[in-house]
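Chemist: Pasting the sequence and the predicted model now:
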Amino acid sequence: MTPFDRVSGAAAPMTTPNIDTDVIMPKMFLKGVDRSGLGDGAFNLLRFIDGKPNPDFVLNQGGYRDACFLVVGPNFGCGSSREHAVWGLQQLGIRALIGTTFAGIFNDNCANNGLLTISLDAATVGTLAAIVASPASNRLTVDLAQQTIRIDGGGTIPFAIEPARKEAFITGRDAISSTLAFADDIRAFEARHRADNPWF
Amino acid sequence: MSGRTLYDKLIDAHVVRKLDDDGLVLLYVDRTVLNEYTSPQAFAGLRAAGRKVWNPSAALMVVDHVNPTAAHRTREMPDAEAARQVDYFADNARDFGIEYFDILDPRQGIEHVVAPEQGLVMPGMVIAAGDSHTTAYGAFGALGYGIGTSDIEHYLATSTVRYRRLKTMRINVTGRPPLGVAPKDVVMEIIRRIGADGATGYAVEFAGPAVREMSVEGRIVMSIMVVEAGARGVVIAPDQKVLNYLRARPRVPKGEMWDRAAKAWLQLRSDPDAGFDREMTIDAGDVAPLVTWGTSPDQAIAVTDRVPDPDSSANADRKTAAMRALAYMDLTPGMPIQSVPIDFAFIGSCTNSRIEDLRDAAHVFRGRHVATGVRAIVVPGSTQVRAQAEAEGIAQILIDAGVEWRQSGCSMCLAMNDDILAPGQRSASSTNRNFEGRQGPGARTHLMSPAMVAAAAVTGRITDVRDLIGGDWP
């Protein structure tokens, strides 16, 4: 996965609650056997009308077209387990999502691909959303090592992240290789587990 | 020392090792079921890294999302992209040595219907799979949960996942559901009370006398659907009903091994003094048949109610969301939900495609006919469910009522195959998600129980099923 250290860029507000993975990556884009073309798929039904950019959609508006952060509403990424949603957001250039709650599978999928999810309290997210609602003040720097969001016009918001997740983001390490280093533990566990549950 | 919850016991029994001091563990997973659309990139990853599957015998591969449901189907996929997915799926089964039920296999169907039907889900297991509704298996006292494609690849390569322990929530269901109220209504009531993220970060244990009274199939409905409140795992303590359900299944142990297993399985429960991070109680006697009016599963009302006014929402974001939902659904605040006409009726999906669901629907359809202008389809959850429904005469009741009787698959739950609504069409649906565009771009979905879908199909509008049934409800 792509390592994440410090990223600067534009943020777009997208604060509707419960934006689900069907909206993030519509079903028409799920029939591939690889990860190609998912940048087109991301928010497709919102981004385009009859093949032309929808001017009402935030990422089609000046100051937001190159956004690499989204400030999102509660329960972002709920619904289907489709990891295509995360791949599509990344192909669209999104590096971090800032919100209150993220749905569980989606949050894990983000972590597995290096898309940072930052959880803050509702008041702070509301304040940040109001700030980035103006393209004049929507440039942020997310510094993972420092665990801060710096607003270009001034102000810094600290955020919490579990140490193991932070390390995984910074190193971009391959989780499977790390786990296979414990292969002997897995084999030992498996032998015990089968003895305990011979019917499995 | 306080006791442990069933969830904690299942996790403790599957921890290979701790990974940090904050609840992150390497968790052994007993089984997975793979489908054709969330697995391809996982197998591609294994191939690229030259890795093997750690334990191929613990996996099953089932095509369910893209397959057509036409009555006379063949192995040919009419859609070129679906064909490529299914071909790659079959290649992966062969190359990695994993059992594969193709779409003409008599054991084929939706993964969450097939796995229990085959006896592949046993109490005490941990099952992770690439579909959010894997929580279905909680009905058996197994911990099931959905994972994404990267975690599928991780599982295939190691038989484990990196897992962070969840908080626990016990939902006690008391009372007796009134006539015409299904397990679907009970779980929709829970979702509407706690909200679409009300169980995010939690593993849910369903308990209480109403859950004990519920059939195993009803418990599956509850376990699947509570995902729509964000639950990332569900458990229900197994009992004699679960053993009765499993006993005759092909893949469960036989003879003396069965006796040993059954004895161990009946021990699986939360200790009486176990503490939960959150607890709630709901009286099933207070639940009415529910219908969603919006585009999130928590936007539901009793079928006797009126469409709510967004201005009644105190939270600004929720008010905006409700206004957007009403515009998308083309509904007006204050209108009786029963005045809303439908174009389409769909009974199927992992939530409500089992034999009991079809029996409920047939009870309403018997001697009636689908309303003019409405198209109704029933898609059984598996080829075995289809065969059983035909043997019981249910299929004939549906056909006589003017319902299309289809082959099994996920079908119009997410409309990845050719069963798809046109923009603006309105559907009464036994599925679990009413998201914008879920059943087709611009399509409008009202979630409800199978019996309620049948009632809407025969009247042509959203209808209180209790007005159509007498006291002879099965």
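Modeler: Received it, and whenever you're ready, just let me know what you need.
Chemist: Give me the contact list for the strand of greatest length in chain A.
Modeler: Among the elements of type strand in chain A, defined by DSSP state E, the one spanning the most residues is strand A:6-14. Contacts of strand A:6-14 with the rest of the structure, by C-beta atoms under 8 Å, 6 or more residues apart in numbering or on different chains, involve A:58-59, A:63-64, A:66-73, A:95-96, A:98, A:128-129, A:132-133, A:135, A:138-145. Yep, even glycine has a C-beta here, placed from its N, CA and C like the rest.
Chemist: all helices in chain A, in order from the N-terminus.
Modeler: A:21-24, A:38-41, A:44-47, A:84-91, A:104-113, A:122-132, A:163-171, A:175-180, A:183-196 (DSSP state H).
Chemist: right, and those - which one's nearest chain B?
Modeler: Closest approach to chain B among the helices of chain A is made by helix A:104-113 (3.6 Å; C-beta to the nearest C-beta).
Chemist: any chance you could map the strands in the stretch 1-150 of chain B?
Modeler: Using DSSP state E, counting those that start in this stretch, the strands of the stretch 1-150 of chain B run over B:15-18, B:24-28, B:32-34, B:59-62, B:99-101, B:126-129, B:143-146.
Chemist: what would those strands look like in JSON lines with mean neighbour count, mean pLDDT and distance to chain A?
Modeler: Formatted as JSON lines, those follow (neighbours: other C-beta atoms under 10 Å in any protein chain shown; pLDDT from 0 to 100; distance: least, C-beta to the nearest C-beta, whole Å):
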{"stretch": "strand B:15-18", "mean neighbour count": "16", "mean pLDDT": "98", "distance to chain A": "4"}
{"stretch": "strand B:24-28", "mean neighbour count": "21", "mean pLDDT": "97", "distance to chain A": "5"}
{"stretch": "strand B:32-34", "mean neighbour count": "27", "mean pLDDT": "98", "distance to chain A": "12"}
{"stretch": "strand B:59-62", "mean neighbour count": "24", "mean pLDDT": "98", "distance to chain A": "13"}
{"stretch": "strand B:99-101", "mean neighbour count": "18", "mean pLDDT": "98", "distance to chain A": "15"}
{"stretch": "strand B:126-129", "mean neighbour count": "25", "mean pLDDT": "98", "distance to chain A": "9"}
{"stretch": "strand B:143-146", "mean neighbour count": "27", "mean pLDDT": "98", "distance to chain A": "4"}
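Chemist: Figure out which of these is closest to residue B:43.
Modeler: For residue B:43, the closest of those is strand B:32-34, at 8.7 Å, according to C-beta to C-beta.
Chemist: pLDDT weak spots in chain A?
Modeler: Across chain A, not a single residue meets the criterion (pLDDT under 70).
Chemist: distance of residue B:380 from residue B:453?
Modeler: With distances taken as C-beta to C-beta, to the nearest Å, residue B:380 is found 14 Å from residue B:453.
Chemist: what mean pLDDT would you report for stretch B:442-458?
Modeler: This predicted structure assigns stretch B:442-458 an average pLDDT of 98.
Chemist: Buried residues in it, which are they?
Modeler: B:443-458 (16 or more other C-beta atoms under 10 Å in any protein chain shown).
Chemist: so how far is it from its chain's centroid?
Modeler: On the basis of C-alpha atoms, centre = their mean, to the nearest Å, stretch B:442-458 is displaced by 16 Å from the centre of the chain it belongs to.
Chemist: That one: end-to-end distance?
Modeler: Criterion C-alpha to C-alpha, to the nearest Å; first-to-last residue distance in stretch B:442-458 is 24 Å.
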